[in-house]
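S.K.: okay, sequence plus prediction incoming.
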Amino acid sequence: MKILWLGGSHPRHLYYINTVCKEFELSGAIIETRENLIPSPPDGLEEMDRLNFIKHFRNRELAEKKYFGEQQFPNCPVHKVSHDTLNTEPSAEFVRTIKPDLVLIFGCGLVKDPLAAELPEHTVNLHLGLSPRYRGAATLFWPFYFMEPPYAGSTFHYIVAEPDAGKIIHQVTPELSAEDGIHDVACKTVVKSAQEAITLLKIFEKDGKWVTRKQKASGKNFLASDFIPEHLRVIYNVFNDDIVRYYLDGKLKCRTPKPYRQF
């Protein structure tokens, strides 16, 4: 089975595919160079919001180092791209040279033609968010902002033209611990997703398919522009990044998700 990966260059992305590679050989990878893990705060913020912004993204980097360590590119032919060169003819040609049976996606930009036209039927995206409730961008942040920490999880789904809207193959939610901060939950989601991706591939290798579920037209597609630094006041100034503890102690009342599971 020839497997191609389309992914990003952040530690979480490389951890995912390097975990998969412990069990399955990778025939090739298209890797998009992603933005800096610690962006500069926007101009004109109040001091509280500037400090929250710096803390939030610095803590994200520290968490990724803790959970993922140093990650290298997978040991296979690699085609490096930027956001602007992902969906170009050289990327499409790289796919044609690999002729993959299955494509895994995690952490690159939205896939469009001419690249999309070359991808096989079984092209599976790992979306960090429980679709359809949390689709789009920053979908492990919004469950905390809306005080729904158990809804922080991931969705394996087939790709379609609309973001994060294809048929669901499998969903993952991490085990929450009282000491978890927002970035711990995000990293634990990636770790568990990488582990369960191996089981999903073994099922596909044996059966040639998965039992899928069509997504309902509910939930919200979050845009990157929906997030503003002032949202971080809820995480840090109201709850001191202790929302999971509040939830586990019964001080936050929210519904419990019912993730779709392949096994």
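M.R.: Yep, it's here. Just so it is clear, the model here is predicted, and its values are computed rather than measured.
S.K.: need the helices for the stretch 101-250 of the chain, in chain order.
M.R.: 142-145, 182-207, 232-233, 243-248 (DSSP state H, counting those that start in this stretch).
S.K.: can you say which of these is nearest to L126?
M.R.: Nearest to L126, of all the helices of the stretch 101-250 of the chain, is helix 182-207, at 5.9 Å by C-beta to C-beta. The way it works is simple: take the backbone N, C-alpha and C, and place the C-beta from them, glycine included.
S.K.: hmm, who's touching stretch 235-255?
M.R.: Residues from elsewhere that reach stretch 235-255, judged by C-beta atoms under 8 Å, 6 or more residues apart in numbering: 48, 52, 55-56, 59, 144-145, 147-151, 176-182, 185.
S.K.: for it, C-alpha coordinates in PDB please.
M.R.: Taking only C-alpha atoms (Å, rounded to 0.1, in the frame of the first residue of the first chain), the coordinates of stretch 235-255 have been written out as PDB:
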ATOM      1  CA  ILE A 235      -8.700  31.500  29.300                       C
ATOM      2  CA  TYR A 236      -6.200  33.300  31.500                       C
ATOM      3  CA  ASN A 237      -7.800  36.100  33.400                       C
ATOM      4  CA  VAL A 238     -11.100  34.400  34.300                       C
ATOM      5  CA  PHE A 239     -10.000  30.800  34.600                       C
ATOM      6  CA  ASN A 240      -6.100  31.000  34.800                       C
ATOM      7  CA  ASP A 241      -5.900  28.200  32.200                       C
ATOM      8  CA  ASP A 242      -7.600  25.900  34.700                       C
ATOM      9  CA  ILE A 243     -10.800  25.200  32.800                       C
ATOM     10  CA  VAL A 244     -10.300  21.400  32.700                       C
ATOM     11  CA  ARG A 245     -10.100  21.300  36.500                       C
ATOM     12  CA  TYR A 246     -13.300  23.400  36.700                       C
ATOM     13  CA  TYR A 247     -15.000  20.900  34.400                       C
ATOM     14  CA  LEU A 248     -13.800  17.800  36.200                       C
ATOM     15  CA  ASP A 249     -14.800  19.200  39.500                       C
ATOM     16  CA  GLY A 250     -18.300  19.700  38.200                       C
ATOM     17  CA  LYS A 251     -18.200  23.500  38.300                       C
ATOM     18  CA  LEU A 252     -18.800  23.800  34.500                       C
ATOM     19  CA  LYS A 253     -21.900  22.200  33.100                       C
ATOM     20  CA  CYS A 254     -21.800  21.200  29.500                       C
ATOM     21  CA  ARG A 255     -22.900  18.400  27.300                       C
END
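S.K.: before we move on, the earlier item: pull out the buried members of the contacts of stretch 235-255.
M.R.: Buried members of the contacts of stretch 235-255, scored by 16 or more other C-beta atoms under 10 Å, are 52, 56, 59, 144-145, 147-151, 176, 180-182, 185.
S.K.: from D180, how far out is I243?
M.R.: Between I243 and D180 the computed distance is 9 Å (C-beta to C-beta, to the nearest Å).
S.K.: and V124, by the same measure?
M.R.: On the measure of C-beta to C-beta, V124 and D180 end up 27 Å apart.
S.K.: and if you look at T155?
M.R.: In this view, T155 and D180 are 20 Å apart by C-beta to C-beta.
S.K.: with S154 instead?
M.R.: Counting by C-beta to C-beta - S154 and D180 are separated by 16 Å.
S.K.: go on, P150?
M.R.: Distance from P150 to D180, by C-beta to C-beta: 12 Å.
S.K.: show me where the stretch 101-250 of the chain dips below the pLDDT cut-off.
M.R.: Within the stretch 101-250 of the chain, the stretches with pLDDT under 70 are 217.
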